[in-house]
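**Q** Pasting the sequence and the predicted model now:
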2 protein chains.
Amino acid sequence: MVTTPQWIMIGGDGPESYYQHSSNQRALLEAAKEKMNEAISAKLSLNLISDRFSVADFGCASGPNTFLAVQNIIDAVEDKYRKETGQNPLENIEFQVLFNDSTTNDFNTLFQTLPPGRRYYSAGVPGSFFGRVLPKHSFHVGVISYAFHFTSKTPKGITDRDSPLWNRDMHCTGFNEAVKRAYLNQYSADTKNLLDARAEELVPGGLMLLLGSGLRDGVKMSETVKGMVMDFMGASLSDLAQQGVVEQDKVDSFSTPLYFAEEGELRQIIKENGKFTIEAFEDIIHPYGEFPLDPKILAVSFRASCGAFLSAHFGAYAMRKAFELVEVKAREEFSKIQNAKPGMQYLIVLRKI
Amino acid sequence: MVTTPQWIMIGGDGPESYYQHSSNQRALLEAAKEKMNEAISAKLSLNLISDRFSVADFGCASGPNTFLAVQNIIDAVEDKYRKETGQNPLENIEFQVLFNDSTTNDFNTLFQTLPPGRRYYSAGVPGSFFGRVLPKHSFHVGVISYAFHFTSKTPKGITDRDSPLWNRDMHCTGFNEAVKRAYLNQYSADTKNLLDARAEELVPGGLMLLLGSGLRDGVKMSETVKGMVMDFMGASLSDLAQQGVVEQDKVDSFSTPLYFAEEGELRQIIKENGKFTIEAFEDIIHPYGEFPLDPKILAVSFRASCGAFLSAHFGAYAMRKAFELVEVKAREEFSKIQNAKPGMQYLIVLRKI
């Protein structure tokens, strides 16, 4: 079992919660719905759809986007079943949804906000998705929605003062080649563990849908809006250290367990793992553009997804101060943001061999 | 789907938590271990033990007793497998434990206190156990440990001022015959729903182990230590109403969704349901006597299991005051407690037909 990343979304449904500020991911999920539907229609074997059908979401957080993702999948499975058998899925299939996230995820909020009127049985599955969390052959379709960019830990050397990689490129936005290589190696090893675990838990012929953020080949993270905001976060933390709000040591030893891979890297990792075939690799086009180009909204949105992680290292006060500075920097460098290279939102469809 | 009872154990692991004060139930579980082992050894068909074996605990609370209960079962299954096949269960069986309780149970604490080194996959299953919470054929052995005495709601009439049953026998300790009949009817209907749901979720031939508190035929709850303490709780609430600490109206409309059935009643309900055979119905003898005969420990122990329910109606302050009075009353009526009739701790083993 590998280490669980301590990257937890802000739980509950308060003003800073992931629950309240995950609308960007939600819009992308809605944009992906049609492609998920097509993938299931074309790639899922009808004979896997029997009286019991299990869907698993790995890295589900505390909601509400996970409910949309799993409902998309269930709708698509029901559609396919209805069209190809002429029978009513409601009478013949019992759906179960397995919600997985780290043991410290806020499952209480997840369970208490389950959609009323849902037509599936629910279970929460605690544990790191880099290792096994379910018995063999537990599910038919799995989804990892905006959680496929995590590493299990920061690569060796990044937070080590004696390493040549120390304190360069705090978030691996790619401007330093050696840092990027260290992150890619870590990401590659972790993702192969993740794929090994899912390959055992998935029924033969079952599908994994990977929905997430990456990069087109040759684009550096630091050239995209997301990379720029992450660099603003790093710069803001350095400013706070200079102002004495946080300790310089804490900033020096800080790094994020994230790696946004290029398309070619993702294909290579999946191929080397060898447990799945790539059935589709598609761009998801965000209906309102990749990010809302507004400094305030950018800061609020990144605070929702990264705030808890920063709070754990620096405290809630410093976290809030940092995101105030992020907004200022985003305003100052707005023309750079407007001319950023596009990132890539992908849907990868894998089938277990 | 029937109503979920709002009877939640105090979560977390603070000084008032169920987690800290469930040692009485724990001792009973330990006393029951041998009988559970015997039941599985004698009654579980070997051909149900394959590469995947699922155990479910219905009404698991936030721990830690559920971990002991499910480990007892897993140990017994492994023993049986080892003895009868000569093979090593660790190499051949993947265990999964399904932890069920109400949606408002503290699953976060449950997940974060899962025993290190456990050899099973875990999942939390939120929802009322009076209805279906799992797909068909989801588990092989289920346990209901000290949660088989709940009703889904207070029987009609008990909290209705215009009913002849109103405000008599606040906790159904049995001194009023009409109240007892109303509770028995409610309990019988609820328990049949519970058995119907488990019969669908259990694999054919699978076992349900019901571990709990009841009464020997002809004994009234009010004649046992537990019934006496429950009557002290009722009397304490009435005292607090007279002192103006709580509103008389709130006390008048208060009642508990519990019914401790007699052995004959339990047998009758299971027989009428018709989905299970009774394979064993055994007394569990508590090693230190049924209850510790100490007014303070009695009050603390009942506060752990009933405190959250009282708090929800009367607030935390009144709840604490009520249990202070319970201790005083237990001290005053100590000779009555010492001469109480014994209750009954049972292990019922059911096999799905």
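**A** Yes, it's here.

**Q** what number of residues lie near residue A:33?
**A** Using other CB atoms under 10 Å in any protein chain shown, the number of residues around residue A:33 comes to 18. Every residue, glycine included, has its C-beta placed from N, CA and C.

**Q** Whichever strand or helix holds it: what's the following helix or strand?
**A** When secondary structure is defined by DSSP states H and E, residue A:33 falls within helix A:23-43. Helices and strands here follow DSSP H and E; after helix A:23-43, the next one along the chain is strand A:52-58.

**Q** List the contacts of the helix holding residue A:33.
**A** A:64-65, A:68-69, A:72-73, A:75-77, A:79-80, A:141, A:145-146, A:207, A:209, A:211, A:279-280, A:282, A:284-288, A:291-292, A:301, A:345, A:347, A:349, A:351 (CB atoms under 8 Å, 6 or more residues apart in numbering or on different chains).

**Q** Pull out the buried residues from the residues you listed.
**A** Buried subset of the contacts of helix A:23-43 (neighbour count, 16 or more other CB atoms under 10 Å in any protein chain shown): A:64-65, A:68-69, A:72-73, A:76-77, A:80, A:141, A:145-146, A:207, A:209, A:211, A:279-280, A:282, A:284, A:286, A:291-292, A:301, A:345, A:347, A:349, A:351.

**Q** Now intersect those with the helices, please.
**A** A:65, A:68-69, A:72-73, A:76-77, A:80, A:301 (DSSP state H).

**Q** how about the residues of chain A near chain B?
**A** Counting by CB under 8 Å from any CB of the partner chain, the residues of chain A lying close to chain B are A:51-52, A:54, A:94-96, A:98, A:103-104, A:106-108, A:111-112, A:114, A:121-127, A:132-137.

**Q** Show me how to select, in ChimeraX, the buried members of those.
**A** Per 16+ other CB under 10 Å, the buried members of the residues of chain A next to chain B correspond to this ChimeraX selection:
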select /A:54,94,95,96,98,103,106,107,108,111,112,114,121,122,123,124,125,126,127,132,133,134,135,137
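
**Q** out of the residues of chain A next to chain B, which are inside helices?
**A** For those, secondary structure assignment (DSSP H) places A:107-108, A:111-112 in helices.

**Q** okay, those residues in a markdown table with pLDDT and distance to residue A:311 next?
**A** As requested, those are exported to a markdown table (pLDDT from 0 to 100; distance: CB to CB, whole Å):
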| residue | pLDDT | distance to residue A:311 |
| --- | --- | --- |
| A:107 | 98 | 20 |
| A:108 | 97 | 19 |
| A:111 | 98 | 24 |
| A:112 | 97 | 23 |
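
**Q** mind checking the SS state of residue A:87?
**A** Classification of residue A:87 using DSSP: H, G, I helix; E, B strand; the rest coil returns coil.

**Q** just checking, what packs against the helix of greatest length in chain A?
**A** The single longest helix within chain A, with elements called by DSSP H, is helix A:177-201. Contacting helix A:177-201 under the criterion 3 or more CB pairs under 8 Å, 6 or more residues apart in numbering or on different chains; DSSP states H and E are the following elements: strand A:139-145, helix A:263-273, strand A:344-352.

**Q** Out of these, indicate the one that is most buried.
**A** Each of these was assessed for mean neighbour count using mean count of other CB atoms under 10 Å in any protein chain shown. The highest is strand A:139-145, with a mean of 26.

**Q** How far away from the center of its chain is that strand?
**A** The chain centroid and the centroid of strand A:139-145 are separated by 13 Å under CA atoms, centre = their mean, to the nearest Å.

**Q** Now stretch A:332-351: average pLDDT?
**A** Averaged over stretch A:332-351, pLDDT sits at 94.

**Q** now stretch A:57-74
**A** Across stretch A:57-74, the average pLDDT comes to 94.

**Q** Residue A:60 sits in which helix or strand?
**A** Under the criterion DSSP H and E, no helix or strand holds residue A:60.

**Q** which one is it nearest to, not counting chain neighbours?
**A** For residue A:60, the nearest residue in space outside its immediate sequence neighbours is residue A:66; the separation is 3.9 Å by CB to CB, 6 or more residues apart in numbering or on different chains.

**Q** Now do that neighbour against chain B, distance only.
**A** Shown here: residue A:66 relative to chain B, a distance of 14 Å by CB to the nearest CB, to the nearest Å.

**Q** Also residue A:244?
**A** Taking CB to the nearest CB as the measure, residue A:244 falls 35 Å from chain B.

**Q** Check residue A:223 too.
**A** When CB to the nearest CB is applied, the distance between residue A:223 and chain B equals 40 Å.

**Q** same question, residue A:236
**A** Taking CB to the nearest CB as the criterion, residue A:236 is separated from chain B by 31 Å.

**Q** Repeat that for residue A:73.
**A** Residue A:73 is 16 Å from chain B, by CB to the nearest CB.

**Q** I figured that residue was touching residue A:209, is that so?
**A** Yes - with contact defined as CB atoms under 8 Å, residue A:73 counts as touching residue A:209 (7.3 Å).
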